[in-house]
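# sequence and predicted structure below; questions after.
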Amino acid sequence: MKRIQWFVFLVTIVAVLLTACGAQAPTAAPTKAAAPAMAATAEPTMAAPTAEPTMAASKLEGTVLIDGSSTVAPISMAVAEEFQAQYPDVRVPVGISGTGGGFKKFCNGETDISDASRPIKASEIEACQKNGIEYIELPVAYDGLAVLVHPSNDFASCLTVAELKKIWEPEAEGQIKNWKQVRDSFPDRPLSLYGAGTDSGTYDYFTEAIVGKAGKSRGDYLPSEDDNVLVQGISGDPNALGFFGLAYYEENKDKIKLVAIDNGNGCVLPSNETVSNGTYQPLSRPLFIYVKRTSADRPEVQAFVKFYLENAARLSAAVGYIPLPAEVYPLALQRFEKRIVGTLFGGETPVGVTLQELLQKEQQK
Amino acid sequence: MSTANLFSENAEHLRRRHLKGALLAGLAFLAILLAIIVLVTLLIDVFVDGLPWLRPQLFTNFPSRFPEKAGLRSALQGSFWLMILTALMAIPVGIASAVYLEEYAPQTALTRWIEINISNLAGVPSIIYGLLGLGLFVRGLGLGRSLLAGALTMSLLILPIIIVASREALRAVPPSLREAAIALGATPWQVIRDHTLQYAMSGILTGIILAMSRAVGETAPLITIGALTYIAFDLRGPLDIFTVLPIQIFNWVSLPQKEFQRLAAAGIIVLLGFTLLMNALAIFLRNRLRQRW
């Protein structure tokens, strides 16, 4: 009897301790838990790389594991679907852990490709470096962030970046609560705000572009990670102002109204053309995939990435995003073929850069 | 004060008490009405959106970017095997723990402390179990983002529910039954096997139904341990990567296209059917067991 008691006691202590660890250090525990065990962890679930050196189309097999941003996921899923139709023995699963969550797993060596709706951050670069994970950064499409109001709103058809900053900066919290405070000619009506939740890459990008500092904004707005919820909110509130991905506007044109953005060169409405040619600024952002350097040598990963860049233009448009200018895809493919590792952005979120220039400059070196 | 006066006062008092009783009954009825209205509205909304999309392809096809071709095949496989593995691990351990705590364990400060902990564990947010599973099973034991790691995590999640419910059921068995068996010379194990557990089984199964229904609808812990969202191939075994119904539904709900939201509604109907089927099985078993006594 005594012995059983002790055993139960120990088991409970261990269980309680483990639960407590999980609760108190959610970020530290996973990364520190078992870095050396990682290689063993990742392997059993993923079929081992094929020993076959030939790249014969039908012979390819294995698993290309993708995880990361929910914004990029629809593109990766579409590419995966088409790719698997052509190479039925290659398995391409896609997970959605968010850009940050995806990089956490990627830099732990658990995934082959990480979807990202912003470039890799300094802290993530460090994490990857610590685990010896090198990566090839490849742009795949553009996403426009749309600023939206209720359809009955006939005064705010165009807002300047300065006005948006005035509305969204942290100092506005509890201060800017009326449309009249935004611009004198606006009516005296309360202002209610809707936006992406603080965990999303969308939020990081919007705050960087508008407020000037990623992740800094007022807190008194209605946040949601689900853009459909934001559509519902804005379409039901005549005083609403909000922002989310352009793809969600396309599907709800009758319920909400787009606001043009003035970045000093006149008012520009977001559209496929204005996002793609870089005139809709600063709210156009590039979307990326990050390929693990060591995975890139596996034939099935090679074939998949090549297929991705060759079909990204068509497939990103099909799922509601905006293709990069046609010249960028071959440049990105060259970058992959040459296995150029590292990021073009040095851990920052770029606003208003053209990928063409960046990629061209790099490859002339 | 005359007797007549007293009598009328009493009648007045009685009338008021009856009125209070009726009022309470009315409030209780309103409460159930409210719950039912919410449920029915939800169901109608889901069925109106989802029924036209409830087609054979939904069960046989993998997810796709074309809503008319998209299906739940991989998610159904994942949920089905996840539930089986979870049940295999959680139910025996849960019932055994309850039997030990209720029938064998001496009432000491230590067992009371364990009891309190188990009750508290039943209230821990599921995402915490996800983090535990990620650290312990996915990375610690090296199971990776596998179905087995998911099932182990889910087992931990529902164990407290099963233990608490099973203990309640065991406690409800009158001591006189145990004493009668002991008086006839049965050993403690014989008493438990042939009497206590038999009588408690319907209560235990109710607890298991509740626990399994919770597990089948969980998303957060599975996403944490690395369950995937898009899988277009069949499950190969317990160590393979997987996805489940709620994750697939959540993914469809969050897509911009209207058709996917209707598809999500169809997915919700399938998940409801899945849960009902599981519960029906448990209720069937419960009734079978009841007839045997």
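Nice, thanks for sending it over.
# do you know how far B:Y100 is from chain A?
B:Y100 sits 8 Å away from chain A, taking CB to the nearest CB, to the nearest Å as the criterion. Yep, even glycine has a C-beta here, placed from its N, CA and C like the rest.
# cool, and B:R145?
6 Å.
# per-residue confidence at the closest residue to that residue other than its chain neighbours?
Sequence neighbours aside, B:G226 is the residue nearest to B:R145 in space, at 3.2 Å (criterion: CB to CB, 6 or more residues apart in numbering or on different chains). What the model reports for B:G226 is a pLDDT of 87.
# and B:E168, how many neighbours?
16 (other CB atoms under 10 Å in any protein chain shown).
# helix, strand or coil for it?
Applying DSSP: H, G, I helix; E, B strand; the rest coil to B:E168 yields a three-state assignment of helix.
# my read: it touches B:G203, true?
Yes: between B:E168 and B:G203 there is a contact under CB atoms under 8 Å: 6.5 Å.
# mind telling me what element residue 75 is part of?
Using chain A. Per DSSP states H and E, A:I75 falls inside helix A:73-86.
# hmm, no, I was thinking of chain B.
helix B:73-99.
# list the buried residues of that helix.
Residues of helix B:73-99 classed as buried: B:73-79, B:81-83, B:85-87, B:89-91, B:94-95, B:97-99 (neighbour count, 16 or more other CB atoms under 10 Å in any protein chain shown).
# chain B: helices as residue ranges?
B:3-50, B:56-60, B:73-99, B:109-121, B:126-133, B:147-171, B:175-183, B:188-191, B:197-217, B:220-225, B:245-253, B:258-292 (DSSP state H).
# identify each buried residue in the shortest one, please.
Burial within helix B:188-191, assessed by neighbour count using 16+ other CB under 10 Å, is assigned to B:V191.
# so what's the gap between it and the chain middle?
29 Å (CA atoms, centre = their mean, to the nearest Å).
# for the longest one, same thing?
Shown here is helix B:3-50, whose average C-alpha point lies 30 Å from the average C-alpha point of the whole chain (CA atoms, centre = their mean).
# with distance to A:K292 added, can I get the helices of chain B in TSV?
Output for the helices of chain B, formatted as TSV (distance: least, CB to CB, whole Å):
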stretch	distance to A:K292
helix B:3-50	39
helix B:56-60	34
helix B:73-99	24
helix B:109-121	38
helix B:126-133	24
helix B:147-171	22
helix B:175-183	62
helix B:188-191	55
helix B:197-217	33
helix B:220-225	21
helix B:245-253	24
helix B:258-292	30
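# quick one: closest of these to A:V301.
helix B:73-99 (21.4 Å; CB to CB).
# which elements pack onto the closest one?
Counting contacts by 3 or more CB pairs under 8 Å, 6 or more residues apart in numbering or on different chains; DSSP states H and E, helix B:73-99 packs against helix B:56-60, helix B:147-171, helix B:197-217, helix B:245-253, helix B:258-292.
# quick revisit: pull out the buried residues from the helix holding A:I75.
Buried residues in helix A:73-86 (16+ other CB under 10 Å): A:A73, A:P74, A:I75, A:S76, A:M77, A:A78, A:V79, A:A80, A:E81, A:E82, A:F83, A:Q84.
# can you lay out the helices and strands packed on helix B:73-99 as TSV showing distance to chain A?
Putting the helices and strands packed on helix B:73-99 into TSV (distance: least, CB to the nearest CB, whole Å) gives the following:
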stretch	distance to chain A
helix B:56-60	15
helix B:147-171	8
helix B:197-217	17
helix B:245-253	7
helix B:258-292	7
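# any idea which of these is most buried?
Among those, ranked by average contacts under mean count of other CB atoms under 10 Å in any protein chain shown, first place goes to helix B:147-171 (a mean of 24).
# by contact count, what packs against it?
So helix B:147-171, by 3+ CB pairs under 8 Å, 6+ apart, packs with helix B:73-99, helix B:109-121, helix B:126-133, helix B:197-217, helix B:220-225.
# where's stretch A:122-138 relative to the chain centroid, distance-wise?
Worked out by CA atoms, centre = their mean, stretch A:122-138 lies 16 Å from the chain centre.
# residues of it that come out buried?
Buried-residue list, stretch A:122-138, by 16+ other CB under 10 Å: A:E124, A:I125, A:A127, A:C128, A:I133, A:Y135, A:I136, A:E137, A:L138.
# any residue of it up close to chain B?
No: using CB under 8 Å from any CB of the partner chain, stretch A:122-138 never reaches chain B; the gap is at least 12.9 Å.
# tell me how chain A divides into domains.
Domain assignment for chain A by automatic domain parsing gives A:60-142+A:285-364, A:144-284.
# quick one, grab the pLDDT at the residue of the stretch 151-293 of chain B found nearest chain A.
Using CB to the nearest CB, the closest approach of the stretch 151-293 of chain B to chain A is made by B:Y230 at 3.8 Å. pLDDT, B:Y230: 92.
# quick one: neighbours of it, just the number.
Considering only other CB under 10 Å, B:Y230 is surrounded by 26 other residues.
# what is the least confident helix or strand in the chain?
No chain in the question, so chain A it is. helix A:28-33 (a mean of 34; mean pLDDT, DSSP states H and E).
# okay if I get the buried residues of stretch A:122-138 as a markdown table plus pLDDT, distance to A:R183 and secondary structure?
Formatted as a markdown table, these follow (pLDDT from 0 to 100; distance: CB to CB, whole Å; DSSP: H, G, I helix; E, B strand; the rest coil):
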| residue | pLDDT | distance to A:R183 | secondary structure |
| --- | --- | --- | --- |
| A:E124 | 92 | 39 | helix |
| A:I125 | 93 | 41 | helix |
| A:A127 | 94 | 43 | helix |
| A:C128 | 94 | 45 | helix |
| A:I133 | 94 | 48 | coil |
| A:Y135 | 95 | 44 | strand |
| A:I136 | 95 | 45 | strand |
| A:E137 | 94 | 40 | strand |
| A:L138 | 94 | 41 | strand |
